[in-house]
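J.: Fold the following.
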Amino acid sequence: MSDKPSTTLPATVEKIVKSPSPSVPEKAQIAVEGADHLYRELRIENTLTDENGDKVRLKQGAEVEVTIEADADATTPKSDGHSSKS
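T.: You can find the predicted model right below:
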């Protein structure tokens, strides 16, 4: 687990976008829950690596998680009147 500030959002693979040619990789279109409607979709190359180091692909309809992570020096304290310290 990373010590970097992060957030993880649930998401679903909406569709698999087939490659128009062998030189262009297949894409997975992922809908991120909780994101603004116009910005909720991501398209990534549909190649992942499993625990054995083998290449695998996402399936349409798969439930996934999207994690956003940043270096601590790339963040600032949120001043919303609430403190996370007890």
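
J.: so which strand or helix has residue 42?
T.: strand 41-45 (DSSP states H and E).

J.: Would you mind pulling up the elements that that strand packs against?
T.: strand 6-17, strand 27-32 (3 or more C-beta pairs under 8 Å, 6 or more residues apart in numbering; DSSP states H and E). Placement of C-beta: from N, CA and C, glycine included.

J.: how about a markdown table for these, with distance to residue 49 added?
T.: Formatted as a markdown table, the helices and strands packed on strand 41-45 follow (distance: least, C-beta to C-beta, whole Å):
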| stretch | distance to residue 49 |
| --- | --- |
| strand 6-17 | 17 |
| strand 27-32 | 14 |
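
J.: Note down every partner strand of the strand holding residue 42 and its orientation.
T.: Paired with strand 41-45 in the same sheet, following DSSP bridges, are strand 27-32 (antiparallel).

J.: shaky segments in the protein?
T.: 1, 81-86 (pLDDT under 70).

J.: quick one, what contacts the residue nearest the centre of the chain?
T.: Taking C-alpha atoms, centre = their mean, the centroid of the chain lies closest to residue 66, which sits 2.7 Å from it. Contacts here follow C-beta atoms under 8 Å, 6 or more residues apart in numbering; on that basis residue 66 touches 8, 9, 11, 30, 32, 42.

J.: Helix, strand, or coil at it?
T.: strand (DSSP: H, G, I helix; E, B strand; the rest coil).

J.: For it, which residues count as its bridge partners?
T.: residue 9.

J.: Residue 12 against residue 60, yeah?
T.: No - using C-beta atoms under 8 Å, residue 12 makes no contact with residue 60, being 9.2 Å away.

J.: more neighbours, those two?
T.: residue 12 (14 against 11; other C-beta atoms under 10 Å).
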